[in-house]
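Colleague: Kindly return the folded structure for what I paste below:
(2 chains)
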There are 2 protein chains.
Amino acid sequence: MEDYLAALENELRALVVAPSRAYAPYYGMLKYHLGWTDAHFASIKTDTGKHIRPLLCLVSCETVGGAWQPALPVAAAIELAHNFSLIHDDIEDQGDERRGRAAVWKVWGLAQGLNAGDGMFVLARLAIDRLFQRGLDVRKCADISLVFDEATLALCQGQFLDLSFESRFDVTLAEYIQMIRGKTAALIAASTRIGAMLATDDPTLIDAFDRFGANIGLAFQITDDILGIWGDATVTGKSAATDILSKKKSLPAIIGLRHPQHGAALRAIYSQPSLTQDDVARVLALLDAVDARAQTQSQADEFRAAALGALDTTGIENRAMDRLREIADAMTRRVK
Amino acid sequence: MEDYLAALENELRALVVAPSRAYAPYYGMLKYHLGWTDAHFASIKTDTGKHIRPLLCLVSCETVGGAWQPALPVAAAIELAHNFSLIHDDIEDQGDERRGRAAVWKVWGLAQGLNAGDGMFVLARLAIDRLFQRGLDVRKCADISLVFDEATLALCQGQFLDLSFESRFDVTLAEYIQMIRGKTAALIAASTRIGAMLATDDPTLIDAFDRFGANIGLAFQITDDILGIWGDATVTGKSAATDILSKKKSLPAIIGLRHPQHGAALRAIYSQPSLTQDDVARVLALLDAVDARAQTQSQADEFRAAALGALDTTGIENRAMDRLREIADAMTRRVK
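Modeller: Now for the predicted structure:
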């Protein structure tokens, strides 16, 4: 995957450039968030994220069409859009850290942090505009622009649901799936859909890649939910049972909260303003009693199977298709 | 202007629509901000803003081409983008009120408010995508998309400068102009530029409308600065000398703070954590002593003359051109 990642980084670095000295600190905040600099804007090597979305975009394009390079502007746009949502999420969830470092808003304050997220989003849009400047058929540019904008709208809508769930104990499985379909799966589906769109006009093929992305996105988020409770803190880099401490309405919690026998006990614990380590142990025991982990895993497996099934319907077999399956594997069988 | 405003409202109302019941409260926040509903999502009649940007877009298009209807999606996009920036500005500036009502983030909290602003921005983008769906030449759609995205980037960059100025006393006139060129004038210039683009391919004509928008945008912001200090509180709806109380680095303040003789006294007052009514009176006296109001007004007049001069270079004379001059007048000779 080294070639893809190196080309993606070039594309990203060409997009996130201050137009003049006056704006250097503004772009500096974006570069800091992307893991390119420290808080004094000196270059560093640090965790820049997994780049799953842009990789899916590039490899989807390659799977269908042979060359992945034409997908670079979209891959970059999707990575920037993802990072826009992270900058704003950290403010909305009052998250102090991102990828092991202080979140942008913790370093430069809420106002500058919020406005930095806005800029990241506009740069994502400008990356989409690049497709036309690179000579892509202009009709296809317009179609891709629409898919991208609709995906970011779905992302905002999903975030709205997620925030709404904070004050509720009666979130249903269907509501949860609707939420992560927007918050997580929509941008991943746009990655694979647009990757395919760049290589073909065949709507059946494009739809198959959309279904692959949407379903692997759902499985990816549910896997994240499992790691948020049962992940190894030394590997994830987050505190143990982080999603219990923050009382997040992730899938295991929803299964527990709705359980006819043990739900009430769980709701009582989650009603407290903040949880102790004893509470965490009690929640873990209750989730165990309702078999939440196995049920959550089986939901993830179901979406993963649907994702791989969508790929199978294309009948395509090549080296890139193998890579796509490897990425799907890494997204759902990960430990961090 | 009734015809324009009614058509614009139709266009806006067709864009801000929840795709399903689950998202009704999300779109409700946007409708509340736009002045269509109260905080319980019941329809009301209230101040929906001046709609200057979309009017400039529609009338610019009409001035060049005869019909203004093709500009409706862009006019709506620009109005939504402006409102996105207002929702986020209110969070960044900790502004409790907007158009005489509680700001979105004060009603639904910071997290939901921030995310509502993001959604408003994406809806603006989707309005731009509509141009293509309405059958506009796809190459022109791509050009317009780029102008729109570049204007919103300039807006974010301008906001960065504005926030940076809060902690500085040495902001120069050139820096101030650069800031408002991004924060205020860029979106107004995009309004008039894109309006013209929709009616002509002539680059000289398009540039003239861009210069008109940019210069009238600068004059508009500087007029706002004057009203922020010397405006009649019973007319503006804001508290008297609101920009002094908030220690805003508007143009009169910058002129005062940099004054060789009286600057030090002003800097001493502005260094305090918060100002009393006595401080406000002292600031007003100091601004009077340095002739800040007349200097500020003369700067506004200069940009206004440049704006009208740009229109003159087009040689166009028609009813719409008269309207454009009327709007320019209203933007710079207003009392609220």
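
Colleague: give me the number of residues near A:Gly117?
Modeller: 28 (other C-beta atoms under 10 Å in any protein chain shown). (Each C-beta comes from the backbone N, C-alpha and C, glycine too.)

Colleague: C-terminal to the helix or strand bottoming out on mean pLDDT in chain A, what's the next element?
Modeller: Between all helices and strands in chain A, the lowest mean by mean pLDDT, DSSP states H and E belongs to helix A:233-236, at a mean of 74. Per DSSP states H and E, the first helix or strand lying C-terminal to helix A:233-236 is helix A:242-245.

Colleague: the helices in the stretch 151-300 of chain A, which residues?
Modeller: A:173-180, A:186-197, A:203-230, A:233-236, A:242-245, A:251-257, A:263-270, A:277-289, A:292-313 (DSSP state H, counting those that start in this stretch).

Colleague: Pull the first one out as CSV, backbone CA atoms only.
Modeller: Once side chains and other backbone atoms are set aside, the C-alpha atoms of helix A:173-180 remain, and they are given as CSV (Å, rounded to 0.1, in the frame of the first residue of the first chain):
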residue,chain,number,x,y,z
LEU,A,173,-31.2,-1.1,17.0
ALA,A,174,-32.7,0.4,13.9
GLU,A,175,-32.1,4.0,15.1
TYR,A,176,-28.5,3.0,15.9
ILE,A,177,-27.9,1.6,12.4
GLN,A,178,-29.5,4.7,10.9
MET,A,179,-27.1,6.8,12.9
ILE,A,180,-23.9,5.0,12.0
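
Colleague: Tell me which of the helices of the stretch 151-300 of chain A sits most buried.
Modeller: By mean neighbour count, with neighbours taken as mean count of other C-beta atoms under 10 Å in any protein chain shown, helix A:186-197 ranks first of the helices of the stretch 151-300 of chain A at a mean of 28.

Colleague: Briefly note if that one comes near chain B.
Modeller: No - figure legend: helix A:186-197 not in contact with chain B (C-beta under 8 Å from any C-beta of the partner chain); closest approach 11.4 Å.

Colleague: elements contacting the helix or strand hosting A:Arg325?
Modeller: Using DSSP H and E, A:Arg325 falls within helix A:319-332. Applying 3 or more C-beta pairs under 8 Å, 6 or more residues apart in numbering or on different chains; DSSP states H and E, one finds that helix A:319-332 contacts helix A:52-65, helix A:203-230, helix A:292-313.

Colleague: Kindly calculate the angle that the helix or strand just after the first one makes with helix A:52-65.
Modeller: Beyond helix A:52-65 on the C-terminal side, the first helix or strand identified by DSSP H and E is helix A:72-92. Angular relation of helix A:72-92 and helix A:52-65 on a 0 to 180 degree scale: 160 degrees, by axes from the mean of the first three to the mean of the last three C-alpha atoms, to 10 degrees.

Colleague: what's the offset of the helix or strand that comes right after helix A:72-92 from the middle of its chain?
Modeller: Next in sequence after helix A:72-92, counting helices and strands by DSSP H and E, comes strand A:97-98. Between the mean C-alpha location of strand A:97-98 and the chain-wide mean there is a distance of 15 Å, by C-alpha atoms, centre = their mean, to the nearest Å.

Colleague: Please name the strands paired to the following helix or strand past strand A:97-98 in the sheet, noting orientation.
Modeller: As assigned by DSSP H and E, the chain's next helix or strand after strand A:97-98 is strand A:101-102. Strand A:101-102 has its sheet partners listed here by DSSP bridges as strand A:97-98 (antiparallel).

Colleague: what pLDDT, on average, does the strand it pairs with get?
Modeller: In this model, strand A:97-98 carries a mean pLDDT of 92.

Colleague: Around chain B, pick out the residues from the stretch 101-250 of chain A.
Modeller: Proximity of the stretch 101-250 of chain A to chain B, by C-beta under 8 Å from any C-beta, involves residues A:110-112, A:114-116, A:118-119, A:121-123, A:125-126, A:129, A:132, A:138-139, A:141-142, A:145-146, A:149-150, A:152-153, A:156-157, A:159-161, A:163-164, A:175, A:178.

Colleague: what separates the closest residue to A:Trp230 other than its chain neighbours from chain B, distance-wise?
Modeller: Nearest non-adjacent residue to A:Trp230, counting by C-beta to C-beta, 6 or more residues apart in numbering or on different chains: A:Arg293, 6.2 Å away. Distance, A:Arg293 to chain B, using C-beta to the nearest C-beta, to the nearest Å: 28 Å.
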